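1. Structure for this input, please:
(2 chains)
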Amino acid sequence: MNGQAFVVDRDDQIVHVGDANGTRRAPYLGHSLWTYLPGARPLLDPYLEAARETDDVVESTIFYAGGTVDVRIAPVEACLAVRLERRTELDLRTLETLAASLRSIEAELAARGHARRDRPAPASPRALP
Amino acid sequence: MRVLMVDNYDSFTYNLVHLLEAEGAEVSCAAAARVSIEEARELAPDRSSSPPARGAPRGRAARSSSSSGSPRSAARLTHSRPATALGSAAAVAVAVEAAPYVVLDDEYRVVETSWAADAGVGPNRGESLFDHFAGSRPLFLPYLEEARHAGRVVTFAQYFDGYVAEVRIVPGSSTLTVVWEQLCILDVMTMDGLHASLRRALDVLRAREDALHREVVRNRLRVVEGGR
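-> Below you'll find the predicted structure:
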């Protein structure tokens, strides 16, 4: 996910891909962004909409695909340039490492003002050994 | 086309059954523990196929590339042992491989893997299991040593690398066979999915540990009662 960049049209169809996605661009072009970011639509849609509405750059950090991801969405004419940069990853090896990395990620998201919860879930790190 | 599906208790079996039926095959399904060569011969199936068993533990990278987060291998076509026993080139049975397993030597090096475990562990044959699964030593070594020193089967539930699995260690003369069944897998795509699957994983882990503990107590009671 490091440095992945897409340019999408109003229907979230990919019209251009960045170099970090590799030299084979054909598999991406013309397909929905959500095909390549499964499950990410509810996370990213608000930022895409905000960028379209304000015609300004929107930046955020989200949890996606096992870690935190910096998202930068920039309006480019009638399209949006979406850039994703992996920040941190969960350490899934043991419950202890998972708990520690999850705590760290939740703290990071909270510090950035993007915490998606303000109450501990039953499966929060505090419930783990 | 008649196909006999020998179900070795893998959910993917029925995915294949539905696909084969959609292609017009007449599929009979039989539990692996119950079907005999004679019964297979009576059904006279025309084709052989071996779908994947439960996924072997894999690296995070491999799992992240899957949208479902669940490792799956492609089905493969094969002439299985039951097919040979049937003695007909045209009439062969479908075999589904059993749960993944690895065989370890006395230094905990991998000396043998089942087909289901091969994708995850096979390339590291000859290496220590603990080198391949970094961080696994403190989680698994006590159970391996218990099985080796006590000379009896040890079963436990364990979380490791995004999975909760039930693990059975069967001691041999100089080896240990480690068989595992994946009980659940973390969904790390979104925070909501992670929290929900983590809740499920902890519940499964506790429930399985409780069940295994009850089984141990029952076995001890049987020993006591048998000794009366």
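
2. what are the ranges of the helices in chain B?
-> With helices called from DSSP state H, chain B shows them at B:12-22, B:37-43, B:60-64, B:81-86, B:115-121, B:129-132, B:137-150, B:191-226.

3. ok, now chain A?
-> A:33-36, A:41-54, A:95-111.

4. low-confidence ranges in chain A?
-> Confidence mapping of chain A against pLDDT under 70 gives the ranges A:1-2, A:20-26, A:114-129.

5. Please repeat the previous calculation with a cut-off of 80.
-> Low-confidence segments of chain A (pLDDT under 80): A:1-3, A:19-28, A:113-129.

6. ok so, going back, mean pLDDT and distance to A:Thr68 added to the helices of chain B, as TSV?
-> No exception for glycine: its C-beta is placed from N, CA and C like everyone else's. Formatted as TSV, those follow (pLDDT from 0 to 100; distance: least, C-beta to C-beta, whole Å):
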stretch	mean pLDDT	distance to A:Thr68
helix B:12-22	69	33
helix B:37-43	60	53
helix B:60-64	31	14
helix B:81-86	38	49
helix B:115-121	82	27
helix B:129-132	89	28
helix B:137-150	94	26
helix B:191-226	84	10
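
7. will you turn those into a markdown table that also has mean neighbour count and distance to A:Leu102?
-> Output for those, formatted as a markdown table (neighbours: other C-beta atoms under 10 Å in any protein chain shown; distance: least, C-beta to C-beta, whole Å):
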| stretch | mean neighbour count | distance to A:Leu102 |
| --- | --- | --- |
| helix B:12-22 | 15 | 30 |
| helix B:37-43 | 15 | 49 |
| helix B:60-64 | 16 | 15 |
| helix B:81-86 | 17 | 46 |
| helix B:115-121 | 21 | 24 |
| helix B:129-132 | 17 | 24 |
| helix B:137-150 | 15 | 18 |
| helix B:191-226 | 14 | 8 |
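
8. how about the ones you listed, which one is nearest chain A?
-> helix B:191-226 (4.0 Å; C-beta to the nearest C-beta).

9. Between helix A:41-54 and that closest one, find me the angle.
-> With axes from the mean of the first three to the mean of the last three C-alpha atoms, to 10 degrees defining the directions, helix B:191-226 sits at 170 degrees from helix A:41-54.

10. Tell me if I'm right that A:Ile14 and A:Leu37 touch.
-> No. Taking C-beta atoms under 8 Å as the definition, A:Ile14 is not a contact partner of A:Leu37, at 10.5 Å.

11. excluding its backbone neighbours, what's nearest A:Leu29?
-> A:Ile14 (5.8 Å; C-beta to C-beta, 6 or more residues apart in numbering or on different chains).

12. That neighbour: what's it in contact with?
-> Residues in contact with A:Ile14 (C-beta atoms under 8 Å, 6 or more residues apart in numbering or on different chains) are A:6-8, A:28-33, A:36.

13. go with 7 Å
-> Contacts for A:Ile14 (C-beta atoms under 7 Å, 6 or more residues apart in numbering or on different chains) come out as A:6, A:8, A:28-31, A:33.

14. likewise A:Leu92?
-> A:98, B:60, B:161-162, B:186.

15. what's the neighbour count on the closest residue to A:Arg87 other than its chain neighbours?
-> Counting by C-beta to C-beta, 6+ apart, A:Thr68 is the residue found nearest to A:Arg87 once chain neighbours are left out, at 4.3 Å. For A:Thr68, the neighbour count with other C-beta atoms under 10 Å in any protein chain shown is 23.

16. Could you do A:Thr94 as well?
-> Neighbours of A:Thr94 using other C-beta under 10 Å come to 19.

17. Now it. Its backbone dihedrals?
-> Torsion angles at A:Thr94 (phi, psi; degrees, to the nearest 10) stand at phi -130, psi 170.

18. how much space between it and B:Arg137?
-> Distance of A:Thr94 to B:Arg137, computed by C-beta to C-beta, to the nearest Å: 11 Å.

19. ok, now B:Ala211?
-> From B:Ala211 to B:Arg137 the distance is 26 Å (C-beta to C-beta).

20. Show me the domain layout of chain A.
-> A:1-89, A:90-129 (automatic domain parsing).
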